[in-house]
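Q: no sequence on this one, just coordinates:
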Ligand code: SF4
Ligand code: SF4
């Protein structure tokens, strides 16, 4: 049975981001990423700091942990990372969860295709802007968006924006794939801020800035601007 | 030419609520409501306090004002109230806006049907919970939800929740129409609070409470929990 490196399973909670914002869900966070974003808020999935927490689990073991935590109080599971698209074992997990009758959300930066994308109900592709220090391979992203054009679930693009340059990048991505629902999200560059009030007010201030950018741009008429709801609610804590 | 009583036109801004949260949009707020919710945050649309602001406008006049404010910086218009479904002239406005090529959102409490619902892209039905002091006519709501079953746009239900009793009501509504995307939203009972920081933290605290209710309920597995984004951003100010 194919195993997957899992770094945490938690919930029920609500989705904090993008197209599925507010959705009640469970989280399965997988280990490993092909990126090294400067402001990564899940660097523990790849920087070795939580190495001892990684468990290689079968789909049925993951399901058992989800049931133990969520019992009959969930119907949606989000697979996040790291980059879950790197994992060969992902297909087995997705098939197993589908058999159990839950809906599945998945987020990935769009650096690699995975056949299991076809079976994801809520798929978010989140290419990374310049402030991440990563470079988008648009040939790969084109191929992925092309294959997703006939997707039977919900697909969206989401770009985190920290500054003007990121906003230009977001505008470019939106114009390159104009028919795909598009979300811009405020970046959290206070990932070590422990004081929740400071963090909340700071994020809302940035949200106001981002809303203003979108309002002023004639290229961003059909987009959504959102905060990270979970950060507004729970600050930088893990596992909520 | 059929005229509509309009109390304010503003934007571009973002949608603060429900299925279209974060969406860049213009607002057309119509006057008049058949309800008198205890905590109505738009009571100026029906209590006479803004009577002098009401203008009876033709669809083309409304369009001209939208263009003047939004120029080429919008592609989505939200019609809100009051209850826009009361207005005979609504069809002419909706047809006019469609001809101009914008997408249209509309929110109503579901107390009356309007044929123009069929042409709304993002339709939110928002029945009012017990704390409003209003009573839902479920025969009417059943009829409306039935007619919307074959709607070609996006339809959702949204219930504002202030307390336990409201949450039970929300659960009941969700179970009555289980296939319709369902949103619960934190109520703002500080509609006269002028201090934004107090208001923001208070709303986030309530959101935390509402999330907890949803997490604990096995009847609310497939719902979204959301704040009013515009209240978090701009407090109780009008016209943003
Ligand atoms: S792609 Fe995501 S998980 Fe990977 S480094 Fe960037 S932010 Fe972190
Ligand atoms: S239905 Fe809406 S506009 Fe009418 S009284 Fe209630 S909250 Fe106010």
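A: Nice, thanks for sending it over. Source: prediction; values computed, not measured. Ligands and ions are numbered 1, 2, ... in the order given.

Q: is it correct that residue A:7 is in contact with residue A:45?
A: Yes: Residue A:7 lies in contact with residue A:45 (Cβ atoms under 8 Å); the separation is 5.4 Å. Just so you know, the C-beta spots here come from the backbone N, C-alpha and C atoms, and that holds for glycine as well.

Q: so for the two, which residues contact both of them?
A: A:29, A:30, A:31, A:82 (Cβ atoms under 8 Å, 6 or more residues apart in numbering or on different chains).

Q: near ligand 1, from those residues?
A: With Cβ under 6 Å from any ligand atom as the criterion, those include residue A:82 near ligand 1.

Q: farthest-separated two in the shared contacts of residue A:7 and residue A:45?
A: Comparing every pair within these by Cβ to Cβ identifies A:29 and A:31 as the most remote, at 7.8 Å.

Q: just list whatever residues bridge to residue A:108.
A: residue A:125 (DSSP bridges).

Q: that one: what's it in contact with?
A: A:81, A:83, A:84, A:85, A:114, A:124, A:125, A:126.

Q: on that earlier part again, need the overlap of contacts for residue A:29 and residue A:31.
A: With Cβ under 8 Å, 6+ apart as the test, residue A:29 and residue A:31 both reach A:6, A:7, A:45, A:81, A:82.

Q: any idea how far the second one lies from ligand 1?
A: Read that as residue A:7. Relative to ligand 1, residue A:7 is positioned 11 Å away (Cβ to the nearest ligand atom, to the nearest Å).

Q: interface residues of chain A facing chain B?
A: Contact residues, chain A versus chain B (Cβ under 8 Å from any Cβ of the partner chain): A:12-14, A:20-24, A:71-76, A:103, A:183, A:197, A:200-201, A:204, A:207-208, A:211, A:214-218, A:220-227, A:229, A:232-233.

Q: at 7 Å instead, please
A: Neighbours of chain B within chain A, by Cβ under 7 Å from any Cβ of the partner chain: A:12-14, A:21-24, A:72-76, A:197, A:200-201, A:204, A:207-208, A:211, A:214-215, A:218, A:220-226, A:232-233.

Q: list only buried entries from those residues.
A: Among those, those buried by neighbour count (16 or more other Cβ atoms under 10 Å in any protein chain shown) are A:12-14, A:21-24, A:73-76, A:200-201, A:204, A:207, A:211, A:214-215, A:220-226, A:232-233.

Q: ok, and which of these reach ligand 2?
A: Of those, not one also sits near ligand 2 (Cβ under 6 Å from any ligand atom).

Q: give me the subset of the residues you listed that lies in strands.
A: A:12, A:13, A:14, A:24, A:76, A:223, A:224, A:225, A:226 (DSSP state E).

Q: state the pair within these that is farthest apart.
A: A:12 and A:223 (29.2 Å).

Q: give the contact list for the residue nearest to residue A:69 when sequence neighbours are not counted.
A: Excluding the flanking residues, the one nearest residue A:69 by Cβ to Cβ, 6 or more residues apart in numbering or on different chains is residue A:11, at 6.1 Å. Listed by Cβ atoms under 7 Å, 6 or more residues apart in numbering or on different chains, the contact partners of residue A:11 are A:25, A:26, A:27, A:69, A:70, A:74.

Q: do that again at 8 Å, thanks
A: Taking Cβ under 8 Å, 6+ apart, we find residue A:11 in contact with A:25, A:26, A:27, A:66, A:69, A:70, A:74.

Q: next one: residue A:29
A: A:6, A:7, A:8, A:9, A:42, A:45, A:80, A:81, A:82.

Q: got it, and residue A:127?
A: Residue A:127 neighbours (Cβ under 8 Å, 6+ apart): A:109, A:110, A:136, A:141, A:157, A:159, A:173.

Q: would you turn the residues you listed into JSON lines with secondary structure and neighbour count?
A: Formatted as JSON lines, those follow (DSSP: H, G, I helix; E, B strand; the rest coil; neighbours: other Cβ atoms under 10 Å in any protein chain shown):
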{"residue": "A:109", "secondary structure": "coil", "neighbour count": "22"}
{"residue": "A:110", "secondary structure": "coil", "neighbour count": "25"}
{"residue": "A:136", "secondary structure": "coil", "neighbour count": "18"}
{"residue": "A:141", "secondary structure": "helix", "neighbour count": "20"}
{"residue": "A:157", "secondary structure": "strand", "neighbour count": "25"}
{"residue": "A:159", "secondary structure": "strand", "neighbour count": "23"}
{"residue": "A:173", "secondary structure": "helix", "neighbour count": "23"}
